[in-house]
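# after the sequence you'll find the predicted model.
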Amino acid sequence: MSSKKNSTFICCFLLAFSITFIFCYSSAINGGDGWLTDGEVSYILQRQLLHYRDELAGRGENVSVDPTLGFENPRLRNAYIALQAWKQAIISDPQNLTVDWTGSGVCNYTGVFCAPAPDNRSELTVAGIDLNHGDIAGYLPEELGLLTDLALFHLNSNRFCGTVPKKFRNLKLLFELDLSNNRFAGIFPHVVLKLPKLKFLDIRFNEFEGGVPKELFDKDLDAVFINHNRFMFEIPDNFGNSPVSVIVLGHNKFDGCLPASIGNMSNTLNEIIMMNNGLRSCVPEEIGLLKEVTVFDVSFNELMGQLPESVSGMVNVEQLNVAHNFLSGRIPESVCRLPKLVNFTFEELFAGKAGAKV
């Protein structure tokens, strides 16, 4: 038996075992008569099969194009294939957002936006997709890589699961990628590092895990949101290479130090939130170089030592939160002279009550 057939057999066996176990468990907790509905069984099968497809890089759909359909150009034909494949990969669409995804008029599909192609203004192409807050369940098929002119891809607040398709690497014009508040899993989606135009990356509130590649901080991004995942890594020394204006890393499990290279972000950084990450170090003097920062939050970590006097250089800071660390010593008097400071939240080990504000 070939390796692929062996894999298929094992997958089918595991699927059958999973469903049998779920039936038994459901019966047990419901007094013996709590059988799953056909829809629930189908959903579980899809979730299990999705992982199998991800592992073998074969997560595609069978899309046939009706020869009677007419398309203005090849780009829209490719878009039709991509969107029909995606529609097949959707398990639940309670708001019926994709119910009108039929026919060749892809520019009229809900959530799909067309514009003149950047290399040929006489041709329309799919330039953006926005299905935010759709509560849609499903996964992302590899055919989405056919949307090579896509600039915006927004899927905030849905129930998409699985991983980010490898063929996203074909989206060379993608500027904004928002996959936040879904159920994506697996390791950090390295494919985003291959998107040359990407400026806005938002993958917060998912179930990604493992390390975060240091190459992320060398990439020319403006905003990075990777908070509320399961990432575990040590912030690399090249962290300060990032030209971001906003970076939110909170609620993961980091290790190590807050690197001194943070001072290299002085000309671009406006907001940085690293709360609840397990950072263990002193607060580097270089934070005083962050003259453009308005929000600086490193609360709920294990930072030690004193808050440096150099904090006086943060002349635009409005929200400064260093509470719930292991900081000690006196609050630098320069904090009180920060011209735009609105809220300063500090640790009980300072001379004041826990959570007090100045």
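Nice, I can see it.

# you'd agree residue 231 is in a helix?
No - going by DSSP: H, G, I helix; E, B strand; the rest coil, the assignment for residue 231 is strand, not a helix.

# and for it, the neighbour number?
For residue 231, the count of nearby residues is 21 (other C-beta atoms under 10 Å). Bear in mind the C-beta positions are built from the backbone N, C-alpha and C, glycine included.

# for it, which non-adjacent residue is closest in space?
Sequence neighbours aside, residue 252 is the residue nearest to residue 231 in space, at 4.2 Å (criterion: C-beta to C-beta, 6 or more residues apart in numbering).

# quick one: the one you found from residue 101, how far?
In this view, residue 252 and residue 101 are 36 Å apart by C-beta to C-beta, to the nearest Å.

# cool, and residue 232?
Residue 232 is 39 Å from residue 101, by C-beta to C-beta.

# ok, those two, which is more surrounded?
Taking other C-beta under 10 Å, residue 232 and residue 101 do not tie; residue 101 has more neighbours (20 against 15).

# other SSEs contacting the one helix or strand residue 79 maps to?
If you go by DSSP states H and E, residue 79 is part of helix 74-88. For helix 74-88, the helices and strands in contact under the criterion 3 or more C-beta pairs under 8 Å, 6 or more residues apart in numbering; DSSP states H and E are strand 112-117, strand 120-130.

# and those as JSON lines, adding mean pLDDT and distance to residue 159?
Listed next are the helices and strands packed on helix 74-88 as JSON lines, based on pLDDT from 0 to 100; distance: least, C-beta to C-beta, whole Å:
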{"stretch": "strand 112-117", "mean pLDDT": "98", "distance to residue 159": "20"}
{"stretch": "strand 120-130", "mean pLDDT": "97", "distance to residue 159": "17"}
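
# show me the contacts for the residue nearest the centre of the chain.
Central residue of the chain (C-alpha atoms, centre = their mean): residue 203, 0.7 Å from the mean position. With contact set as C-beta atoms under 8 Å, 6 or more residues apart in numbering, residue 203 has these partners: 177, 179-180, 184, 189, 225-226, 229.

# for residue 189, same thing?
Counting by C-beta under 8 Å, 6+ apart, residue 189 has contacts 163-164, 168, 203, 208.

# again, 6 Å this time
residue 164 (C-beta atoms under 6 Å, 6 or more residues apart in numbering).

# then residue 266?
Neighbours of residue 266 in contact, by C-beta under 6 Å, 6+ apart: 289-291.

# ok, now which ones touch the closest residue to residue 93 other than its chain neighbours?
Among residues not flanking residue 93 along the chain, residue 136 sits closest, at 5.1 Å (C-beta to C-beta, 6+ apart). Neighbouring residues of residue 136 by C-beta under 6 Å, 6+ apart: 90, 93, 158.

# recalculate using a threshold of 8 Å.
Here residue 136 is in contact with 90, 92-95, 97-98, 158-160 (criterion: C-beta under 8 Å, 6+ apart).

# residue 343 now?
So residue 343 contacts 318-321, 357 (C-beta under 8 Å, 6+ apart).

# show me those residues that map onto strands.
319-321 (DSSP state E).

# state the three-state secondary structure for the closest residue to residue 264 other than its chain neighbours.
Of all residues not flanking residue 264 in the chain, residue 240 sits nearest, at 3.5 Å (C-beta to C-beta, 6+ apart). With three-state DSSP as the basis, residue 240 sits in helix.

# quick one: least confident helix or strand in this protein?
helix 3-29 (a mean of 37; mean pLDDT, DSSP states H and E).

# circling back to that earlier point, neighbour-wise, which of the ones in strands among the contacts of residue 343 leads?
residue 320 (27 neighbours).

# quick one: pLDDT of that one?
Note on residue 320: pLDDT of 97.

# same check on the one 3 residues further on?
Residue 323 is assigned a pLDDT of 94 by the prediction.

# part of a strand, is it?
No - counting by three-state DSSP, residue 323 is located in no strand; its state is coil.

# residues near it, how many?
22.

# just residue 220 next, same as before
Residue 220 has 11 nearby residues by other C-beta under 10 Å.

# so who does the nearest residue to it once chain neighbours are set aside touch?
Of all residues not flanking residue 220 in the chain, residue 243 sits nearest, at 6.0 Å (C-beta to C-beta, 6+ apart). Contact partners of residue 243, counting by C-beta under 8 Å, 6+ apart, are 220-222, 265, 268.

# CSV for the helices and strands packed on helix 74-88, including distance to residue 80 and mean neighbour count?
As requested, the helices and strands packed on helix 74-88 are exported to CSV (distance: least, C-beta to C-beta, whole Å; neighbours: other C-beta atoms under 10 Å):
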stretch, distance to residue 80, mean neighbour count
strand 112-117, 11, 17
strand 120-130, 9, 17
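
# redo these as a markdown table? Include distance to residue 145.
Putting the helices and strands packed on helix 74-88 into a markdown table (distance: least, C-beta to C-beta, whole Å) gives the following:
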| stretch | distance to residue 145 |
| --- | --- |
| strand 112-117 | 16 |
| strand 120-130 | 13 |
